[in-house]
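Participant: Predicted model, plus sequence, below.
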Amino acid sequence: MQDNGWNDFEIGAMLRSFDGAVSDIANTQQEDRAYSSSNSFTASVADWRIEKPVFNKDFCIDCQFCWIYCPDISIIARDKKMVGIDYDHCKGCGICVEVCPTNPKSLLMFIERADEDKALTEWPSKEEK
Amino acid sequence: MSGNKKIKNLKEFSTSADRFEGANLLCPGCAHSIIVREILNATNDDLILSAATGCLEVCTAVYPYTSWDASWIHIGFENSSTAIAGAEAMHKALKRKGRLKQPDKTPQFISFAGDGASYDIGFQWISGCFERGHNMMHVVLDNEVYANTGGQRSSATPIGASATTSPSGRISYGEKKNKKDMLSIMAAHGAPYVAQIAPNKWKDLVKKIQYGFDVEGPVFINAMSACTTEWKFAPEDTVMVSDLATDSLVFPLYEIIDGRELNITYRPKTVVPVEEYLAAQGRFKHLFKDQYKHMIKEWQDRVDAEWEYLQRREEARV
């Protein structure tokens, strides 16, 4: 997108979320939508993160607490299953880790540059209460 | 026919396709987007939305991006409610004239506004909409402060909170006035449905929103939105702080139907002392100094009295 000066903007602006005509967005998952370049879905806030959540599906019980409480639509849930994390839109707030009820947690925060496969091997074991 | 989803449990709810997109510029851990997602996911109907100036608006419509996958409009600080009321009136007129392109569809009209844009600045406009009886829903994202402009007090700021225009210090314990009882005011307009919701009680939230969609007439929803920046807690604690707010009865969840029938929809199993809610937030930090300690008791007494009053109103049905 080209850079505009402050006086180049229109007074009223209309942005289209999708390219072309769309119907029934409420039943179309993100991967099937024709996003336009002015939809913030095409942008990324990955550089906001200091820590990132890492998902370990071995312990996940698909309760979807992380999905409902994620403020950034970054928990990908399909067919009632937790699939993974959308690292383009995750801001690293850590809510998903806080609300995860399993023992040990199936989501944990690691520093941004940590390798995911290595993080999975360092996963803590079950905590005795 | 309304397109409310049938939602029995969270797994079923999680099959929803979000109509609110990521990479908006809301703070990490902001409750605004949790509330917006839960509301938009409650229905399959087409949506016609507006937002007043505030965190939600400036962060989701940063030129050249939009985060909304539905018709969305922003005009001014005060008139998100009238913008939607105008759209609703136009929809009604076009329907009567038979000029709607999709006459079988019934879109939902929702206006979002912060507490500043509803309690203070946009109050007259909301009052007008409710008096005229538009078929719309007004959702207040109540973070009890003008968070977008740097944390000035609004008339939703509770007593004792430190805001930039009512700071705490040697002389003052912060905000001196208590929060305005907006729900009673809106119920007194004769609104068919008025309710208070919190993002951490998603089932209660979805139930109330769906009731609001089904009802004919203006609906007022007050949503507690814990603000990590201005309430001063860590971003990951949003849900924890919201839990404390609902469990300590600082933010009781109830609804008022037709201005008379008050129902308390959530009764905590164990009521948490208000002190814990205050201690979780930096904006009440000064209340724990010896000088202002009396405020904590005052808080507890007031919350208890309000809860008692709500229960009496629920019994009395007046």
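Facilitator: That came through fine. Numbers count the residues shown, from 1 in each chain, chains lettered A, B, ... in the order given.

Participant: hey, let's count contacts and neighbours off CA atoms from now on
Facilitator: Will do.

Participant: ok, residues contacting the helix or strand harbouring B:Ala305?
Facilitator: Under the assignment given by DSSP states H and E, the secondary-structure element containing B:Ala305 is helix B:294-316. Surrounding helix B:294-316, the residues in contact under the criterion C-alpha atoms under 8 Å, 6 or more residues apart in numbering or on different chains are B:160, B:249-250, B:252, B:261-264, B:273-275, B:287-288.

Participant: can you pull out the strands in chain A?
Facilitator: Under the criterion DSSP state E, chain A carries strands at the ranges A:51-55, A:75-78, A:81-85, A:107-111.

Participant: contact partners of the shortest one?
Facilitator: Outside of strand A:75-78, the residues that reach it under the criterion C-alpha under 8 Å, 6+ apart are A:Gln64, A:Cys66, A:Trp67, A:Met82, A:Val83, A:Gly84, A:Ile85, A:Asp86, B:Ser14, B:Thr15.

Participant: Just to check, the second one is in contact with A:Val99?
Facilitator: Going back to what we said before, that points to A:Cys66. Yes: here A:Cys66 reaches A:Val99: they are 6.5 Å apart, a contact under C-alpha atoms under 8 Å.

Participant: quick one: which of those two has more around it?
Facilitator: A:Cys66 (24 against 19; other C-alpha atoms under 10 Å in any protein chain shown).

Participant: residues in contact with the residue lying closest to that one once chain neighbours are set aside?
Facilitator: Across the structure, with C-alpha to C-alpha, 6 or more residues apart in numbering or on different chains as the measure, the residue nearest A:Cys66 apart from its sequence neighbours is A:Cys96 (4.5 Å). Remark: with contacts taken as C-alpha under 8 Å, 6+ apart, A:Cys96 is in contact with A:Pro53, A:Phe65, A:Cys66, A:Trp67, A:Tyr69, A:Cys70, A:Leu107, B:Glu236.

Participant: when you check those residues against the helices, which ones overlap?
Facilitator: A:Phe65, A:Cys66, A:Trp67, A:Tyr69 (DSSP state H).

Participant: Provide a list of residue ranges in chain A with pLDDT below threshold.
Facilitator: Residue ranges of chain A with pLDDT under 70: A:1-2, A:9-10.

Participant: Can you show me the helices along it?
Facilitator: Taking DSSP H as the criterion, chain A carries its helices at A:65-69, A:95-99, A:116-121.

Participant: Would you mind measuring from the closest residue to chain A within the stretch 51-200 of chain B to B:Cys59?
Facilitator: Nearest residue of the stretch 51-200 of chain B to chain A: B:Tyr65, at 4.6 Å (C-alpha to the nearest C-alpha). Between B:Tyr65 and B:Cys59 the computed distance is 10 Å (C-alpha to C-alpha, to the nearest Å).

Participant: Repeat that for A:Val45.
Facilitator: 12 Å.

Participant: do B:Ala226 as well
Facilitator: If you measure B:Ala226 against B:Cys59 using C-alpha to C-alpha, the figure is 16 Å.

Participant: go on, B:Asp181?
Facilitator: 28 Å.

Participant: for B:Asn135, same thing?
Facilitator: Using C-alpha to C-alpha, one obtains 27 Å as the distance from B:Asn135 to B:Cys59.

Participant: And for B:Asp258?
Facilitator: Computed as C-alpha to C-alpha, the B:Asp258 to B:Cys59 distance reads 35 Å.

Participant: Dump the contacts of A:Cys96 into CSV; add distance to B:Thr43 as well.
Facilitator: CSV is the format used below for those (distance: C-alpha to C-alpha, whole Å):
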residue, distance to B:Thr43
A:Pro53, 30
A:Phe65, 20
A:Cys66, 20
A:Trp67, 17
A:Tyr69, 18
A:Cys70, 19
A:Leu107, 29
B:Glu236, 28
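
Participant: Might you report the residue contacts of the one residue sitting closest to the centre of chain A?
Facilitator: What sits nearest the mean C-alpha location of chain A, by C-alpha atoms, centre = their mean, is A:Ser74, with 1.4 Å. Contacts here follow C-alpha under 8 Å, 6+ apart; on that basis A:Ser74 touches A:Trp67, A:Ile85, A:Asp86, A:Tyr87, A:Asp88, A:His89, A:Cys90, B:Gly22.

Participant: okay but the last one is in contact with A:Cys70, surely?
Facilitator: No: B:Gly22 is beyond contact range of A:Cys70, at 10.1 Å (criterion: C-alpha under 8 Å).
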